[in-house]
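**Student:** I'll drop the sequence and a predicted model, then ask my questions.
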Amino acid sequence: MDIGMLWFDNNTKVELPVRIQKAAAYYQKKYGRKPTLCFVHPSMLSDPLDKSAGIEVKPHQMVLPNHLWLGIGEATTAGR
């Protein structure tokens with residue numbers, strides 16, 4: 001993913017999947033497409049997250065804590 005939306009959410013009282021869904025809903029409303037990939041700081045992942053909501057979550061050291069970097073993964077853009 002080269003281009004994405006950076007989302008800040010420091011509400012640690014809410015679980016990470018809920019925070020990701022909130023950001024994904026905004027992304028879809030703004031860009032008209034549902035994101036398929038979300039990068040987070042490794043410290044935010046205590047357990048591996050599944051892809052049940054259709055968004056793959058991966059750790060990335062360059063993403064700051066409490067930030068989500070959402071976008072369209074490479075596999076879904078190959079057919080364009």
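**Tutor:** Nice, thanks for sending it over. Numbering: from 1, shown residues only.

**Student:** distance of H67 from P42?
**Tutor:** Note on H67: its distance to P42, by Cβ to Cβ, to the nearest Å, is 12 Å. Quick note: C-beta positions are derived from backbone N, CA and C, even for glycine.

**Student:** looking at these two, which is more packed in?
**Tutor:** Neighbours were counted for H67 and for P42 using other Cβ atoms under 10 Å; H67 has more, 17 against 12.

**Student:** state the pLDDT value of the closest residue to the more buried one other than its chain neighbours.
**Tutor:** Distances taken as Cβ to Cβ, 6 or more residues apart in numbering put F8 closest to H67, at 5.5 Å, once the chain neighbours are dropped. pLDDT recorded at F8 is 98.

**Student:** SS state for K58?
**Tutor:** Here K58 is strand, with the state taken from DSSP: H, G, I helix; E, B strand; the rest coil.

**Student:** which residues does it form a beta bridge with?
**Tutor:** On the basis of DSSP bridges, K58 is bridged to F39.

**Student:** biggest helix in this protein, by residue count?
**Tutor:** helix 16-31 (DSSP state H).

**Student:** that one - what's its average pLDDT?
**Tutor:** Rounded mean pLDDT across helix 16-31 is 96.

**Student:** so who does H67 touch?
**Tutor:** Contacts for H67 were tallied using Cβ atoms under 8 Å, 6 or more residues apart in numbering; they are 6-9, 40-41.

**Student:** at 10 Å what do you get?
**Tutor:** The contact partners of H67, by Cβ atoms under 10 Å, 6 or more residues apart in numbering, come to 6-10, 23, 39-41, 44.

**Student:** E56 and A24 touch, don't they?
**Tutor:** No - with contact defined as Cβ atoms under 10 Å, E56 does not count as touching A24 (11.6 Å).
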